[in-house]
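Novice: can't give you the sequence, but here's the structure:
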C-alpha cells in the first residue's frame, strides 16, 4: 500500500510538472486535493451508491463510433443501457427485425452504422424538460430523436446537402429547432466536378430542423446555404440571445487536401452567428428557395410498433450571401472547435484548437457592432464583424488544445484541453484561471448536467477521454475510452471516479434522475397494441400460408410459446414469426431465436409484438427457444418447426400440448 | 367465465396494501438517491415482494394479500418468509386456502404454526400449495385426461380429479380461479396438509 501511494504521488508530481512545463501555467498544485468535501466523506463514499439505491443523475454518453447512446448513473458511473440509435443491435433486434429496419434507411439505402456524437436533451424555457434526447450521426448526416420515456429511438431524419454532420444535434431553448451543420463543404447540389475547383464552388448547408412540440416529430424547416468552410460545433443563444445560433468554422482557407496544414494558415477563422428568427421572416417574405433534395425521414410508431421510412424530395433554402442580416461572422483565432454559450446567453466562447488563448465574444457587443456596421470586410457577401468590436475578453494561456466549455451556473466556466490533458476552471468576466486538474488522458468533451442550458446543475462534471493507455487492465491493442467524474461544488475541482465507456464517449448530456425516473415506461398495454400482426391471446395464435410466405402468429407467456409445434413449412418458404409477448408485468421480456435464421433474436417487451424472418434452407425439424431468462421454466420455453421438401404435401398445422389446428 | 373475470377485475383493482406496502416514494434522502425496495429498519433490503410499479398486473402475492378472504394466508406467508417466492417471476400456480379453510384446522393449529419456532414447518405447508408451473383450469383438465401429475414446490404430488364438473386437487374442489401476472391462483376451501409432515 505504501508503495502504491508513493508511486501515485510520484505520478501526480510528474503529471503536474509536465502540465506546468507544457502549458506554462502557474496554477498547478503541489499535491492532489483529495482531502474530501466539507462533509468529510471519503472520495469512495461520494461515488458509492449503495446496492438498491438510485443515482442522483442520468448521464447519456454518446458511443461515438459505436453509433449508439449509453445510459449511465452518476455519480456511480454504472452502465444501465445502451440505446441503439444509428447502428444495428442484435441484442435488441434494432435494425434486424421487420419493425425497425426502416429506421436505418437513407437516401443511400440501408446504412447499418454511424458515428454518433452530440446528445442534447430537449428544453422548455431554456431548462431541461426531459422529454427527448437528440443525437447526430456524423457520417451519413442524420439526427435521431430518442424518447426519454421508452429510452428507444423514435425518429431519424436524414440531412441533405450535408456531409459530416458534426455541428449537431443541439436544441434551441424551447426546442423550436434542433440543428445540423455540414462539416465538409460539398457541391450543392451534388455533381461531378473536379475536387480542385472546391474554392468558391463548394457550399455548406446549416439545417434548422423543426420539432413538433407535442409529438417531437422533426422536419427540416430550412437550410442556410453558406460558403464552403468546415462547420464544427454549434450552440444556441439563450435568454437575451435566444433567436440566434452560433456555429464555429475552420478551413476558411477552403483547402481540399492536407487540411492539417492547409486549413491552419489563417490567423482567424469565424464563428458564424445566424439570426434564425430573421430566417423565419425571410421565408414568410418568400425569399427562400425550395430546392430538390433526397432524404429519408424514418418514424417509429409506438402504437403500431412499426417504423416507416419516407423519402422526402425537397428542402427550403436561404442563401446567406444574398440575404443581409441573416448571418454575421465573428473572427475567432485558429480553427475554433467548441462554440459554447454561457447560461445568461451573453458570452460565446470560441476554443481555437491551435490558439494560445480562449476567445470570448459578447452578444451585447455583437448587436452593437452590427448596429454600428463595425465591419472588417466580408466573405462571400457575409459581413465580418471587427474582432475588437465583439470580443469580450480572453483567457490567457489556459492550456494547450482547448476544445469545449461548459458552465456551472455560478459564473464559472470549465474548458477541456486535449493536448495538455486537463480541465481548467475559469471565471466569466474576469477571465482568470481558478483551477486546473489533469485528465487521463487527452480529454475531448466535458459535460455538466444542464451545462448547455439556462440552469446547469453544477455538482458534477464528466470529462470524456480519448486515450486510456495504462488506466485499466489491458485488453489487447484496443483499450477502452473513459469518462472521469469531478466534484465541482468547491473552489477546486476534485476527481472522484473514472469509468470505462461504450465506444468513444464523444459527448454527453445529463439531467437529474427525478426528471425521468417516475415516467419511465414499464410495460405496454396489450389492449393498446395496434401491431398489424399482433396476437392478443393464445386462442388467436395461428399459422397462415400466403403462397411462399408463411405467417406465424405466435404468443409468449411464462413459460411457453403458442403454438410451439408447427408443421407444413417447406424449403424455399419465407417464414415470418410475428411474436407477441402477452405478459403485463414489469421487467418480464421474452426473447426468441430460430436456428439458422440470418438475423438476430427478438427481445420483446411486455405487450409488444415483433417480427423476424426465417428462410429455411434444409429439410428437418428445427428448434426455436426463448433467449431471455424469463422465469424458472425459461429453459422449457422452446418449440419445433418441421421443414418438408419444397413441393411436398405435408399439411400446414400448428399445435400446443397436443392440440393441433390447421 | 364472466364471473371469473369480474372477480379478477375486482381483485386487480384493489390496491396492494396487505404486506406493509413498498416504499417507492421519493423519500427525502439527502444524496438524492431513492430506495427501490422496502428496507427494514436495519437497512436490509427485503426483495421483489416489495417492488411496486403501478402498472403491472398484480402478482400472486399481491392478489392474495389484497383480499380479506385470504388474510390468514397472507399472514402465514409473511410469517413463513415465503413472500418473495410468491412475487417471483414464476411461473407458479397457487392453490389458495380461504380464511374459512384455515378455520377448519384443529383449534390452535394456525396460532402454533405462526410462532417463530415453527417458521420452517409453516413454510413447508405453504409451498405444498404452490405448483412451480403455469396451470390454468384447461391445463389441469388436460392433466386429468393425460394422467399428468401435479408436482408441488414441497416435493409432493397432488392428485387432480374431476367430479360433478368440478376440478379437485388434493381432494378439495377449486372454487374460483384468478389469472395473476406470474401464473394462476385457484381458490380452495381446505388446507392441503402435506403427507410427509
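Specialist: That came in fine, so what should we check first? All of these numbers come straight from a predicted model, not from anything done at the bench.
Novice: contacts and neighbour counts: CA atoms only from here.
Specialist: Will do.
Novice: so residue A:261 sits in a helix?
Specialist: Yes: assigned with DSSP: H, G, I helix; E, B strand; the rest coil, residue A:261 falls within a helix.
Novice: tell me where the model's unsure across chain B.
Specialist: Applying pLDDT under 70 to chain B picks out residues B:1-46, B:196-197.
Novice: longest single strand anywhere in it?
Specialist: strand B:172-180 (DSSP state E).
Novice: just checking: what are the partner strands of the helix or strand following it?
Specialist: Per DSSP states H and E, the first helix or strand lying C-terminal to strand B:172-180 is strand B:183-188. With DSSP bridges as the test, strand B:183-188 is paired with strand B:92-97 (parallel), strand B:172-180 (antiparallel).
Novice: buried set for the following helix or strand past the first one?
Specialist: Toward the C-terminus, strand B:92-97 is succeeded by helix B:99-103 as the next helix or strand (DSSP H and E). Along helix B:99-103, the positions that meet the burial threshold by neighbour count (16 or more other C-alpha atoms under 10 Å in any protein chain shown) are B:99, B:101-103.
Novice: same for the following helix or strand past helix B:99-103, what does it pack against?
Specialist: Downstream of helix B:99-103, the first helix or strand assigned by DSSP H and E is helix B:109-113. With contacts defined as 3 or more C-alpha pairs under 8 Å, 6 or more residues apart in numbering or on different chains; DSSP states H and E, the packing partners of helix B:109-113 are helix B:119-127.
Novice: so what touches the helix it packs on?
Specialist: B:76-77, B:79-82, B:113-114, B:152-154, B:192-194 (C-alpha atoms under 8 Å, 6 or more residues apart in numbering or on different chains).
Novice: center of chain A, which residue is that?
Specialist: Centroid check for chain A by C-alpha atoms, centre = their mean gives residue A:135 as the closest residue, at 3.1 Å.
Novice: which bits of chain A sit near chain B?
Specialist: A:49, A:52-56, A:522-523, A:558-559, A:583-586, A:588, A:630-633 (C-alpha under 8 Å from any C-alpha of the partner chain).
Novice: again, only this time at 6 Å
Specialist: Within chain A, the positions adjacent to chain B are A:52-56, A:558, A:584-586, A:631-632 by C-alpha under 6 Å from any C-alpha of the partner chain.
Novice: these into a markdown table, with extra columns for secondary structure, neighbour count and pLDDT?
Specialist: Listed next are the residues of chain A next to chain B as a markdown table, based on DSSP: H, G, I helix; E, B strand; the rest coil; neighbours: other C-alpha atoms under 10 Å in any protein chain shown; pLDDT from 0 to 100:
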| residue | secondary structure | neighbour count | pLDDT |
| --- | --- | --- | --- |
| A:52 | coil | 16 | 89 |
| A:53 | strand | 15 | 93 |
| A:54 | coil | 21 | 96 |
| A:55 | coil | 25 | 98 |
| A:56 | coil | 19 | 98 |
| A:558 | coil | 27 | 93 |
| A:584 | coil | 25 | 96 |
| A:585 | coil | 24 | 94 |
| A:586 | coil | 19 | 94 |
| A:631 | coil | 21 | 91 |
| A:632 | coil | 16 | 88 |
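Novice: would a markdown table of the residues you listed with distance to residue B:187 be doable?
Specialist: Putting the residues of chain A next to chain B into a markdown table (distance: C-alpha to C-alpha, whole Å) gives the following:
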| residue | distance to residue B:187 |
| --- | --- |
| A:52 | 35 |
| A:53 | 37 |
| A:54 | 39 |
| A:55 | 42 |
| A:56 | 44 |
| A:558 | 21 |
| A:584 | 22 |
| A:585 | 22 |
| A:586 | 25 |
| A:631 | 23 |
| A:632 | 23 |
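Novice: now the element after the strand or helix carrying residue A:437, going C-ward?
Specialist: In this structure, residue A:437 is located in strand A:433-438 according to DSSP H and E. Toward the C-terminus, strand A:433-438 is succeeded by strand A:443-447 as the next helix or strand (DSSP H and E).
Novice: adjacent strands (with direction) for that following strand?
Specialist: Strands that pair with strand A:443-447, judged by DSSP bridges, come out as strand A:460-465 (antiparallel).
Novice: how about residues contacting the partner strand?
Specialist: A:441-448, A:482-488, A:505 (C-alpha atoms under 6 Å, 6 or more residues apart in numbering or on different chains).
Novice: the next helix or strand after that strand vs strand A:433-438, what angle?
Specialist: Where DSSP H and E defines the elements, the next helix or strand beyond strand A:460-465 is strand A:482-487. Angle of strand A:482-487 versus strand A:433-438, following axes from the mean of the first three to the mean of the last three C-alpha atoms, to 10 degrees, is 140 degrees.
Novice: coming back round to it: ok, of the contacts of helix B:119-127, which come out buried?
Specialist: By 16+ other C-alpha under 10 Å, the contacts of helix B:119-127 give B:76-77, B:79-80, B:82, B:113-114, B:152-154, B:192, B:194 as buried.
Novice: most neighbours out of the contacts of strand A:460-465, which is it?
Specialist: When neighbours are counted by other C-alpha atoms under 10 Å in any protein chain shown, residue A:505 leads these with 31 neighbours.
Novice: pretty sure that residue contacts residue A:60?
Specialist: No: here residue A:505 lies out of contact with residue A:60, judged by C-alpha atoms under 6 Å, at a distance of 9.6 Å.
Novice: break chain A into its domains for me.
Specialist: A:43-519, A:526-661 (automatic domain parsing).
Novice: deepest of those, which one?
Specialist: The highest mean neighbour count among those, using mean count of other C-alpha atoms under 10 Å in any protein chain shown, belongs to domain A:43-519: a mean of 21.
Novice: off-centre distance for that one?
Specialist: Offset of domain A:43-519 from its chain centre (C-alpha atoms, centre = their mean, to the nearest Å): 9 Å.
Novice: neighbours around the nearest residue to residue B:82 once chain neighbours are set aside, how many?
Specialist: With sequence-adjacent residues excluded and distances taken as C-alpha to C-alpha, 6 or more residues apart in numbering or on different chains, residue B:82 is closest to residue B:123, at 6.7 Å. Applying other C-alpha under 10 Å, we find 19 residues neighbouring residue B:123.
Novice: equivalent analysis for the one 3 residues further on, please.
Specialist: Burial of residue B:126, expressed as a neighbour count using other C-alpha under 10 Å, amounts to 25.
Novice: roughly how far apart are it and chain A?
Specialist: Distance of residue B:126 to chain A, given as C-alpha to the nearest C-alpha, to the nearest Å: 19 Å.
Novice: secondary structure class of the residue nearest to residue A:594 when sequence neighbours are not counted, three-state.
Specialist: Using C-alpha to C-alpha, 6+ apart and skipping residues adjacent in sequence, the residue nearest residue A:594 is residue A:624, 4.4 Å away. Following three-state DSSP, residue A:624 is assigned to strand.
Novice: and the nearest residue to residue A:278 once chain neighbours are set aside, how far is that from chain B?
Specialist: Distances taken as C-alpha to C-alpha, 6+ apart put residue A:326 closest to residue A:278, at 6.1 Å, once the chain neighbours are dropped. Counting by C-alpha to the nearest C-alpha, the separation of residue A:326 from chain B is 45 Å.
Novice: residue A:326 reaches residue A:275, doesn't it?
Specialist: Yes: counting by C-alpha under 6 Å, residue A:326 does reach residue A:275; the two are 5.4 Å apart.
Novice: leaving out chain neighbours, which residue sits closest to residue A:222?
Specialist: residue A:316 (4.7 Å).
Novice: where does that neighbour land in three-state SS?
Specialist: strand.
Novice: dump the residue contacts of it.
Specialist: A:222, A:289-290.
Novice: in strands, which of those residues fall?
Specialist: A:222, A:289-290.
Novice: which among those gets closest to chain B?
Specialist: residue A:222 (42.0 Å; C-alpha to the nearest C-alpha).
Novice: this completes my enquiry, with thanks.
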